[in-house]
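Engineer: I'll drop the sequence and a predicted model, then ask my questions.
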Amino acid sequence: MTATPTPAPRRRWRRILAVTAIVTALILAVGGIVAVRVYEGALRSNVGELSFANRLRIPPLLEPARDGNGRRVFDLAVAEGTSEFSTRTPP
């Protein structure tokens, strides 16, 4: 009667590493497939859902002055101020 030889420690580690790599690859592949399916099914449009109730505040155009060479010159002033994009409070 002959005993079955046990695999060498190096072969055992190679086998464990190979099985781990295959299982990891399968998990990543399944996760990728699930992510693609979820993304494909997601709603990616807001057409018909927006009301555009708030007016867009655009300042009037500034009329330039002309200098001696015909270039347009704008008289700009920097001042501190505030502005709000929306009057409603976030949920």
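Structural biologist: That came through fine. Here the structure is a predicted model, which is why all the values come from computation and not from measurement.
Engineer: burial count for residue 13?
Structural biologist: 11 (other Cβ atoms under 10 Å). (Glycine included, C-beta is placed from N, CA and C.)
Engineer: now do it against residue 21, distance only.
Structural biologist: Distance from residue 13 to residue 21, counting by Cβ to Cβ, to the nearest Å: 12 Å.
Engineer: next one: residue 34
Structural biologist: Remark: distance between residue 34 and residue 21 (Cβ to Cβ) = 20 Å.
Engineer: next one: residue 27
Structural biologist: Taken as Cβ to Cβ, the span from residue 27 to residue 21 is 11 Å.
Engineer: same deal with residue 65?
Structural biologist: According to Cβ to Cβ, residue 65 and residue 21 sit 73 Å apart.
Engineer: helix/strand/coil for residue 31?
Structural biologist: At residue 31 the chain is in helix, as set by DSSP: H, G, I helix; E, B strand; the rest coil.
Engineer: per-residue confidence for it?
Structural biologist: Here the pLDDT value assigned to residue 31 is 96.
Engineer: how many neighbouring residues does it have?
Structural biologist: Close neighbours of residue 31, defined as other Cβ under 10 Å, add up to 10.
Engineer: go on, residue 65?
Structural biologist: Using other Cβ under 10 Å, residue 65 has 9 neighbouring residues.
Engineer: just give the nearest non-adjacent residue to it, would you?
Structural biologist: Leaving aside its sequence neighbours, residue 65 sits nearest to residue 73 (Cβ to Cβ, 6 or more residues apart in numbering; 5.0 Å).
Engineer: what is the neighbour count of that neighbour?
Structural biologist: A count of neighbours around residue 73, defined by other Cβ under 10 Å, yields 10.
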